[in-house]
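Q: here is a sequence together with a model predicted from it:
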Amino acid sequence: MVDLNNISLTEIVKLVKLKKISSLELTNHYIKNIEKGKKLNCFITTCFDETIKNSKTFDAKKNYDSLLPGIPIAVKDLFCTKDVKTTAGSKILENFIPTYESTVTSNLWKEGAILLGKLNCDEFAMGSSNETSFFGNVINPIEKNLVPGGSSGGSSSALAASFTPATIGTDTGGSIRQPASFTGTVGLKPTYGLCSRWGIVAFASSLDQAGPMTKNVEDCALMLEAISSYDKKDSTSINKKKENYSKNLNKNIKGMKIGIPKEYRVDNMPKEIDQLWSKGIDILKKSGVKIIDISLPHTKYALPTYYIVAPAEASSNLARYDGVKFGYRSNKGKNLLEMYENTRGEGFGDEVKRRVLIGTYVLSSGYYDAYYLKAQKVRKLIKKDFDNSFRKVDAILTPSTPSSAFKIGEKTSDPISMYLNDIFTVPVNLAGLPAISLPAGQDSKGRPLGLQLISNSLDEQRMLNIAFAIESEISFKQNLNRWWE
Ligand code: GLN
């Protein structure tokens, strides 16, 4: 019998198609893993009865003609799932049961996948460590006192611990790539508009994108192929033909040009991150790639710009949680206004309140021009830097994060130091570009480190191919001793 914890999604799909394993056997395997791994606190909701029922239906129908035939998959609890609780990691949505399914998850089910459960995340996806979740923090399977990254921390941890063979997250400023980097997994944030945002609990609508988190690049291509689609229900969805990312995946990157931006060499960056970056550059050179030094001069403004634009949009998006339409309602207060105030005061956690306050402030009259409008202008300049670079190079290589996974509680009392963790990931969201983080090494403490590849809009295939080539040279191995079982 194969060790399902040590094979890829692609290999599992093959086994199902060859009838070597049934959907029910797979489901039972993951349920067992999840039940033995409760300590990691990855799940907010499980729906095992339904999963088992759906697996049996799949096994009876034997319809293998899809990308994810009978594969059980857990998803971030930011995706609305019909009749299954969707909390966004918040008390305010603690009992929210959507009457509709997000486009991205319905694409998964159309391809044959089966829902295993909903994964923990930072509240409304605001955070870099999964410590802002109302449902408690998640533990990184790498080491018991480490955060799994955020906001898709339940996703990264569940994937690394093999509670699901692949998963999906959302990335507004790094929430797929940073947790992937912290757990030794692969995470891809697609071009803005490639995956529909319909049915995803909104954080910052001009930045939010759903994307795959997987154990290797090949799986990532497969999952991206499954979830991306044009969707009339999302006005920012790109109307284009579906791509066969997995079929077209290849390692032939000879002759390509890769840019190395000098602005990503920040103060106090651990030496190990710098060494990892050099290792990536060397591998590319050996693969026949031309390395070109580039400059993205407005990078230094990306973090402050993000922390104006994202809270501004969040403050507007979160206005709907007022205790009337859906979600939690406080029973305190003498009148409507007090009910609103108490509902929001009791229903939102501190980080969400901080963002709503910042967002309301930067949008208020008198400050709008000084903050929000200025940030929008800088955003344009950040995008222009990338446009200029992509005239010269095919993709850009940087580290994914300025550090490896940090300790639980290490940054919770200092929001700025937490925000600084997003320094390499946010520029891509502001520019709407795709980027992938892939595991490339470990630091001296054995904690995984990721490299990030950024490509031009809708150039995911080329980006995946480069990642595929790097991956095969690095042959990153993660040996988890499953200490949590
Ligand atoms: N860590 C970033 C934030 O807190 C990014 C979050 C995300 O991508 N959802 O805003």
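A: Thanks, I have the structure now. As the structure is a computational prediction, the values presented were derived from the model and not from experiment.

Q: please enumerate the helices of the stretch 51-200 of the chain.
A: Along the stretch 51-200 of the chain, the segments classed as helices by DSSP state H, counting those that start in this stretch run 103-110, 153-160, 177-183.

Q: minimum distance to Asn33: which of these has it?
A: Nearest to Asn33, of all the helices of the stretch 51-200 of the chain, is helix 153-160, at 9.2 Å by C-beta to C-beta. (Glycine included, C-beta is placed from N, CA and C.)

Q: wait, does the closest one contact the ligand?
A: No. Shown here: helix 153-160 not in contact with the ligand (C-beta under 6 Å from any ligand atom), separated by at least 10.5 Å.

Q: restrict that helix to CA atoms and write it as PDB.
A: Written as PDB, here are the backbone C-alpha positions of helix 153-160 (Å, rounded to 0.1, in the frame of the first residue of the first chain):
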ATOM      1  CA  GLY A 153      -2.700  29.300   8.100                       C
ATOM      2  CA  GLY A 154      -5.300  26.500   8.500                       C
ATOM      3  CA  SER A 155      -4.700  25.700   4.800                       C
ATOM      4  CA  SER A 156      -0.900  25.600   4.900                       C
ATOM      5  CA  SER A 157      -0.800  23.600   8.100                       C
ATOM      6  CA  ALA A 158      -3.500  21.100   7.000                       C
ATOM      7  CA  LEU A 159      -1.700  20.600   3.700                       C
ATOM      8  CA  ALA A 160       1.800  20.200   5.200                       C
END
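
Q: quick one: stretch 124-132 near the ligand?
A: Yes. Counting by C-beta under 6 Å from any ligand atom, the ligand has neighbours in stretch 124-132: Ala125, Met126, Gly127, Ser128.

Q: nearest residue to Glu50 other than its sequence neighbours?
A: Distances taken as C-beta to C-beta, 6 or more residues apart in numbering put Leu115 closest to Glu50, at 7.0 Å, once the chain neighbours are dropped.

Q: thinking Thr305 is in contact with Leu430, fair?
A: Yes. Thr305 is in contact with Leu430 according to C-beta atoms under 8 Å; the separation is 6.2 Å.

Q: what about the residue nearest to Glu50, how many neighbours?
A: 23 (other C-beta atoms under 10 Å).

Q: ok, it to Ala210 distance?
A: Going from Leu115 to Ala210 by C-beta to C-beta, to the nearest Å gives 15 Å.

Q: need the three-state assignment for Thr401.
A: State at Thr401, reduced to three classes by DSSP: H, G, I helix; E, B strand; the rest coil: coil.

Q: in the sheet, which residues pair with the residue nearest to Glu50? Tell me.
A: In this entry, Leu115 is beta-bridged to Ile73, by DSSP bridges.

Q: and it, how close does it get to the ligand?
A: Using C-beta to the nearest ligand atom, to the nearest Å, Leu115 is found at 22 Å from the ligand.

Q: which ones are touching that residue?
A: Taking C-beta atoms under 8 Å, 6 or more residues apart in numbering, we find Leu115 in contact with Cys47, Glu50, Thr51, Asn54, Pro72, Ile73, Ala74, Val75, Thr81, Val84, Thr105, Trp109.

Q: how about the residues of the stretch 101-250 of the chain by the ligand?
A: Ala125, Met126, Gly127, Ser128, Ser151, Asp171, Thr172, Gly173, Gly174, Ser175, Phe203.

Q: list the contacts of Ser403.
A: Pro270, Ile273, Asn421.

Q: just the buried residues of those residues.
A: Ile273, Asn421 (16 or more other C-beta atoms under 10 Å).

Q: which residue ranges form the strands in the stretch 151-300 of the chain?
A: Using DSSP state E, counting those that start in this stretch, the strands found in the stretch 151-300 of the chain span residues 167-170, 186-189, 210-214, 257-261, 290-294.

Q: okay, the ones you listed, which one's buried deepest?
A: Mean neighbour count (mean count of other C-beta atoms under 10 Å) peaks for strand 186-189 among these, with a mean of 32.

Q: let's have the helices of the stretch 51-200 of the chain in a markdown table, adding distance to Asp350 and mean pLDDT.
A: A markdown table is the format used below for the helices of the stretch 51-200 of the chain (distance: least, C-beta to C-beta, whole Å; pLDDT from 0 to 100):
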| stretch | distance to Asp350 | mean pLDDT |
| --- | --- | --- |
| helix 103-110 | 29 | 98 |
| helix 153-160 | 17 | 98 |
| helix 177-183 | 21 | 98 |
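
Q: for the record, mean pLDDT for stretch 235-249?
A: Mean per-residue pLDDT for stretch 235-249: 97.

Q: any weak-confidence spans in the stretch 201-350 of the chain?
A: By pLDDT under 70, the stretch 201-350 of the chain has no low-scoring segment.

Q: can you give me the helices in it?
A: Taking DSSP H, counting those that start in this stretch as the test, the helices found in the stretch 201-350 of the chain are 217-227, 271-286, 302-317, 336-347, 350-363.

Q: for the ligand, give me its nearest residue in the stretch 251-400 of the chain.
A: Among the residues of the stretch 251-400 of the chain, Ala310 lies closest to the ligand, at 5.4 Å counting by C-beta to the nearest ligand atom.

Q: again with the stretch 351-485 of the chain
A: Asp422 (4.7 Å).

Q: ok but that residue is inside a strand, no?
A: No. Looking at Asp422 with three-state DSSP, it is coil, so not inside a strand.

Q: would you confirm that it contacts Ser128?
A: Yes. Asp422 is within contact range of Ser128, at 6.0 Å (criterion: C-beta under 8 Å).

Q: neighbour count: those two, which is higher?
A: For Asp422 versus Ser128, the count of surrounding residues by other C-beta under 10 Å is larger for Ser128: 29 against 25.

Q: who touches that one in this structure?
A: Ser128 neighbours (C-beta under 8 Å, 6+ apart): Asp122, Gly149, Gly150, Ser151, Gly174, Ser175, Gln178, Lys411, Met418, Tyr419, Asn421, Asp422.

Q: mind redoing it with 10 Å?
A: Neighbouring residues of Ser128 by C-beta atoms under 10 Å, 6 or more residues apart in numbering: 122, 147, 149-151, 153, 173-175, 178-179, 182, 401, 406, 411, 415, 417-422, 425.
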